[in-house]
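Chemist: The following comprises the amino acid sequence and a computationally predicted model.
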Amino acid sequence: MLPPSFFPPARMVPMAELPITAKTPAEQARAVARACRTASLATTMTGNAGHQPYASLVLVAFDHDAAPLLLISRLADHTKNILGSDRVALLCDGTAGLAEPLTGPRVSLLGLAEKTESPRHRARYLARHPSAEMYAGFGDFAFYRIHVERAHIVAGFGKIHWLDDYLYAGETAALAEAEADILQHMNTDHTDAVQLYATRLLGRSGDGWSLCGIDTEGTDLLRDGEIARLNFGRTIASAEEARAELVRLVKLARQQ
């Protein structure tokens, strides 16, 4: 459980600053991916289809190391394809709203789709996509985690990189264990702070925003199916460090 003083101002814990303008390609790739609610899943057709490539739209969530999480039905063609060949690619598109989409960021993630029964993966996915709760228990549906082996990011003109270090390699276990308590605490006792994150730091409109996930590099906000990603200015690894960063951000929001 979180201590009663989770949110009040506390001494800032020294952590490496990660200014947006100084992010590495891998950090940029994770930021683009984690901001996506949907993605394009590429699989290889099996059977009489002649091993043709097949692309489909999926809802996506992300593990604490930024590995994609999917909830898919074995009745769907993409799941049948995965059962035949577990090698997949996932395109995360960060170009929405741009007049010239090809100038915007996008990330392709290449790896292996592995079925998972982890309660943590299930909780992370359903927190991000609460409407999926109604079919997550159906017998033909299962959760999958994509172990990313390589990634390709296009972050703008001339900013194109192949990555072998896409997945976050730092400590995640302590924050993953504390995540549910942090989200409950913020969404119950500090709804005003969450609203400030959405409206003043992210420029989003409307009331009723809530936190649906927190990881080492940022936090995810949700409102009526709309996802908003708030990247931290530093990496965190524990509930104490999360408190310090959330306090810093709400102070920043109040200054806007």
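Modeler: Yes, it's here.

Chemist: and the residue nearest to Gly47 when sequence neighbours are not counted, what does it touch?
Modeler: Counting by Cβ to Cβ, 6 or more residues apart in numbering, the nearest residue to Gly47 once its immediate chain neighbours are dropped is Gly84, at 7.6 Å. To be clear about C-beta, it is placed using only N, CA and C from the backbone, and glycine gets the same treatment. If you count contacts by Cβ atoms under 8 Å, 6 or more residues apart in numbering, Gly84 has them with 44, 46-47.

Chemist: and which of these is nearest Val107?
Modeler: Val107 has its nearest neighbour among those in Thr44, at 20.5 Å by Cβ to Cβ.

Chemist: Excluding residues flanking it in the chain, which one is nearest the closest one?
Modeler: Closest residue to Thr44 apart from its sequence neighbours, by Cβ to Cβ, 6+ apart: Ser85 at 4.9 Å.

Chemist: now the one you found: how far from Leu109?
Modeler: For Ser85, the distance to Leu109 (Cβ to Cβ, to the nearest Å) stands at 16 Å.

Chemist: neighbour-wise, which of these two wins?
Modeler: Leu109 (27 against 14; other Cβ atoms under 10 Å).

Chemist: Pairing partners for the strand or helix carrying that one, with directions?
Modeler: Secondary structure from DSSP states H and E places Leu109 in strand 106-116. Its sheet considered, strand 106-116 pairs with strand 87-93 (antiparallel), strand 141-154 (antiparallel) by DSSP bridges.

Chemist: Just the buried positions in the last one, please.
Modeler: Applying a neighbour-count criterion of 16 or more other Cβ atoms under 10 Å, one finds 141-146, 148, 151-154 buried in strand 141-154.

Chemist: what are the phi and psi values for Ala31?
Modeler: Phi and psi for Ala31, reported as degrees, to the nearest 10, are phi -60, psi -40.

Chemist: Now for it: which residues touch it?
Modeler: Neighbour list for Ala31: 23, 217-218, 229, 231 [criterion: Cβ under 8 Å, 6+ apart].

Chemist: what would the residues you listed look like in TSV with secondary structure and pLDDT?
Modeler: What follows is the contacts of Ala31, written out as TSV (DSSP: H, G, I helix; E, B strand; the rest coil; pLDDT from 0 to 100):
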residue	secondary structure	pLDDT
Lys23	coil	81
Glu217	coil	96
Gly218	strand	96
Arg229	strand	96
Asn231	strand	95
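
Chemist: Most widely separated two among these?
Modeler: When Cβ to Cβ is used, the two most widely separated members of the contacts of Ala31 are Lys23 and Arg229, lying 13.3 Å apart.

Chemist: Could you check how far the residue of the chain most remote from its centre is from Gly84?
Modeler: Distance to the chain centre peaks in the chain at Asn48, reaching 35.5 Å (criterion: Cα atoms, centre = their mean). The gap separating Asn48 from Gly84 is 12 Å, by Cβ to Cβ.

Chemist: Over to Val250?
Modeler: Val250 sits 49 Å away from Gly84, going by Cβ to Cβ.

Chemist: thinking again about what came up before, quick one, phi psi at the residue nearest to Thr44?
Modeler: Note on Ser85: backbone dihedrals following degrees, to the nearest 10 are phi -150, psi 120.

Chemist: do the same with Asp220
Modeler: For Asp220, the backbone dihedrals (degrees, to the nearest 10) come out as phi -110, psi 130.

Chemist: Might one say that it is in contact with Asn231?
Modeler: No. Using Cβ atoms under 8 Å as the test, Asp220 is too far from Asn231 to be in contact (10.3 Å).
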